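A.B. asks: Pasting the sequence and the predicted model now:
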2 protein chains.
Amino acid sequence: MTELLSTDINETARRARLAASQIARFTKQKRTDALFAMAEELERNQALILNANELDMKAAAILVEEGEMPSAYLKRLKLDSEKLRGVIAGIRKVAELPDQLGDSTLHRELDGGLELFRVNCPIGVVLVIFESRPDALPQIMSLLVKSGNAGLIKGGREAENSNKILFNCLQKALLSSGFPEASFSLLSGRAEVSALLKLERLIDLVIPRGSNELVSQIQNNTHIPVLGHAEGICHLYVDQTADLAIATKLTLDAKIQYPAACNAIETLLVHRSVAENFLQDVIPKLLAESVDVRVEKSLIDKYSLKDVATANDTDWSTEYSDLTLSIKMVDSLGEAIEHINNYGSGHTETIVTKSGETFDRFFAEVNSAGVYWNASTRFADGFRYGFGAEVGISTGKMHPRGPVGVEGITTYKYKLIGHGQTVGEYSGPDAKQFTHKDID
Amino acid sequence: MTELLSTDINETARRARLAASQIARFTKQKRTDALFAMAEELERNQALILNANELDMKAAAILVEEGEMPSAYLKRLKLDSEKLRGVIAGIRKVAELPDQLGDSTLHRELDGGLELFRVNCPIGVVLVIFESRPDALPQIMSLLVKSGNAGLIKGGREAENSNKILFNCLQKALLSSGFPEASFSLLSGRAEVSALLKLERLIDLVIPRGSNELVSQIQNNTHIPVLGHAEGICHLYVDQTADLAIATKLTLDAKIQYPAACNAIETLLVHRSVAENFLQDVIPKLLAESVDVRVEKSLIDKYSLKDVATANDTDWSTEYSDLTLSIKMVDSLGEAIEHINNYGSGHTETIVTKSGETFDRFFAEVNSAGVYWNASTRFADGFRYGFGAEVGISTGKMHPRGPVGVEGITTYKYKLIGHGQTVGEYSGPDAKQFTHKDID
């Protein structure tokens, strides 16, 4: 077990780097076997795990009582037997996903006896930092094992007992499957994370899962690539040809089903031509669900809307993460697209429309990782996309983008196999010519 | 023509963003036609272009005479009719490459009537900054057109006349092909670049092509993703089973053929068992080519090496970009791999060995974008890989990695097409199940 008590965090990272080298040579079978062993070990220790979680829950309940922790945290911290069964099933699902490490995505003859391959490979050492939810730990470790990476894992202090027992079970399964001990380490303190963020030669990727503040703070304090999103400002746009019943249904789902999720909507954009009908229908339903509805002042006056607040300019760039929704009217599809690209966070947007042509333009011009037609933004999720699990959602424009599963935490290397060829032979007046022939 | 005289750089970026939205909806045919028109327009204006380059060359010759510019710059600045023909042929080659924008790399039924696609799309607005070589401008613009991106382009001041005429020709071809005027802008000053680096909502990617200082400075002054490499410290490792004739041939090619290139080697690693034979052969040949050879002190004494300098620890992490080579002896393959991972820059490394097993381990454990077997590191290049051209070489571990052509400057979006489905229907005790069926 590699729980850290010493301050020698550099040594931990260095050993993870060496372990990553070993793991990089493992077979697909070895990774798959390890994943099934991980699932089994959790299954065998369910009672111990649930007991440890009860300890965390008791400590948290006191903090909530004393007003030092929001009560919403309790739900995330809780690990009951149903959740745990889901976690175990998830690991088996990840084990059964296609394993594409070592596969070539390009095989090209540059010239006779000179062949180029682009080969899928692990990224190396990944630092994952997450808050409160203990079920995230086995999910993340299973994705790291599947993708051939080594991991340094920092869980939330409030889930300390749950994380320890989960980590110990998984580590035991990995050791018995022949993984080096330093492949995964559970970190204990914030100071360790700060030190690790400086080790850009030893750590290849940082994945923060938690509050916007956590993600922003990490992004601003490291030169290591950070996978994640600081904000999730998603939109639903009701077009002039929308089926208004669908628009209402999707609005309610995307706002109410889980308002704290990053893929919940924060702003509803409504085309002028359907605004009156749609707002008269949807606003009372939102109010009935205790949603704080904030509407542009001009619209409140125009349609004599009741029981709603006035939206101001800061609303368009606010992630409420709560039962609050801002509403704006637009005059055209173009205005809706411009609003989304200006104020959105590049996460996921939905258009409700009957027109395929309208959707095609919305899809081409909206700069977000997910652009949906007549479906809830809440589908933006690794499980729902069929990735087995996700390490997070990326709102950047470069790869990986959107919900990130196994594929997003692998990379590739170019392999060139020659027989002593020099570039000199392919230069100058008598240069040999490249054949550039792709080979299946 | 959008040459910038005003200081309203935000407006330029904003107009590029709007142009990018329009370009994102163009057909493959429209992009291909534009590329052929670009090649033709350059062909028609060859005399004008060469004249403009002569003006730049004259001004540069004076600077060299006055000692204000290294004479090596003249070769890079020079655009003769052969180079220009190569550039024009390159644009046509890019036009003929497969165009994969709009293609889906994933098509999955999540459930009946709910289909997910992952669709290739442009990144958006790319800021390219390059130094001295005017032939880079048409190469970069052709890759940006092919990949559906808008571009803000800043060339070197010393190539000002060449860049202006090249840009004006290409812009004329683009306008006649229906591209919006703001799709591409040629920037004139450093102050404009500094201002653009702050516009992370308007610019999606920065590609600096030039000195290590330029790249580092940009990386440290923007939150926009930067594609490039600050250093190219490449290695050649001569294994105990190496064919020493091949080792010598590749060493000479990788060091001498173009020492200023980022894919030239800086350090030679030699297995102890072949050190004596190999060094006695290769060192006199390196010296005959005026290479400054720097060898570990212990080796100089042991093998009584003549006319070589002593390598010290800073040599292992220095990119000479010149006719200088450091040499180190290692006791094992593992030591060679560790040295490369510790001191290398993740660019390209070669092993000379007769053993496939040895290469497999070297390939799996070396953390570089290119890992070669019996071939010169100098092959690490977009043209040689058959990408038609390259915007640069990326030494990061995330995508894009290695030489970056069209594919590396595109990204993807997830498209979800539904009929009003909510996540609520897929949650709770009566949850509908996802089918997750891949569709070809």
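C.D. replies: In hand now; what should we look at?
A.B. asks: make it CA atoms for all contacts and neighbour counts henceforth
C.D. replies: Noted.
A.B. asks: Which residues of the stretch 101-250 of chain A lie near chain B?
C.D. replies: Within the stretch 101-250 of chain A, the residues that sit near chain B (C-alpha under 8 Å from any C-alpha of the partner chain) are A:110, A:116, A:123, A:201, A:204, A:246, A:247, A:249, A:250.
A.B. asks: So the second one lies in a strand, does it not?
C.D. replies: Yes. Checked against DSSP: H, G, I helix; E, B strand; the rest coil, residue A:116 lies within a strand.
A.B. asks: any idea how far the closest residue to it other than its chain neighbours is from residue A:119?
C.D. replies: Once flanking residues are discounted, residue A:116 sits nearest to residue A:416: 4.5 Å by C-alpha to C-alpha, 6 or more residues apart in numbering or on different chains. Relative to residue A:119, residue A:416 is positioned 11 Å away (C-alpha to C-alpha, to the nearest Å).
A.B. asks: Could you check which of the two is surrounded by more residues?
C.D. replies: Taking neighbours as other C-alpha atoms under 10 Å in any protein chain shown, residue A:416 and residue A:119 compare with residue A:416 leading, 27 against 18.
A.B. asks: which residue does the stretch 101-250 of chain A bring closest to chain B?
C.D. replies: residue A:246 (5.3 Å; C-alpha to the nearest C-alpha).
A.B. asks: roughly how far apart are that residue and residue B:226?
C.D. replies: Residue A:246 is 41 Å from residue B:226, by C-alpha to C-alpha.
A.B. asks: How about the residue in the stretch 1-150 of chain A that chain B sits nearest to: what's its closest non-neighbour residue?
C.D. replies: Nearest residue of the stretch 1-150 of chain A to chain B: residue A:21, at 5.0 Å (C-alpha to the nearest C-alpha). In space, and not counting its chain neighbours, residue A:21 is closest to residue B:365: 5.0 Å by C-alpha to C-alpha, 6+ apart.
A.B. asks: dump the residue contacts of the one you found.
C.D. replies: The contact partners of residue B:365, taken as C-alpha atoms under 8 Å, 6 or more residues apart in numbering or on different chains, are A:21, A:22, A:24, A:25, B:337.
A.B. asks: got a winner among these for most neighbours?
C.D. replies: residue A:21 (25 neighbours).
A.B. asks: quick check, that residue in a helix?
C.D. replies: Yes. Assessed by three-state DSSP, residue A:21 belongs to a helix.
A.B. asks: Which stretches in the stretch 201-350 of chain A count as strands?
C.D. replies: A:205-209, A:234-238, A:265-271, A:292-296, A:309-311, A:324-330, A:348-352 (DSSP state E, counting those that start in this stretch).
A.B. asks: wait, what's in contact with residue A:94?
C.D. replies: Residue A:94 makes contacts with A:35, A:142, A:143, A:146, A:387, A:388, A:389, as judged by C-alpha under 8 Å, 6+ apart.
A.B. asks: I'd say residue A:140 and residue A:390 touch.
C.D. replies: Yes. Taking C-alpha atoms under 8 Å as the definition, residue A:140 is a contact partner of residue A:390 at 7.5 Å.
A.B. asks: Quick one: residues contacting residue A:201.
C.D. replies: residue B:342.
A.B. asks: May I have the phi/psi pair for it?
C.D. replies: The phi/psi pair for residue A:201 (degrees, to the nearest 10) reads phi -90, psi -20.
A.B. asks: What number of residues are in the vicinity of residue A:222?
C.D. replies: Neighbours of residue A:222 (other C-alpha under 10 Å): 16.
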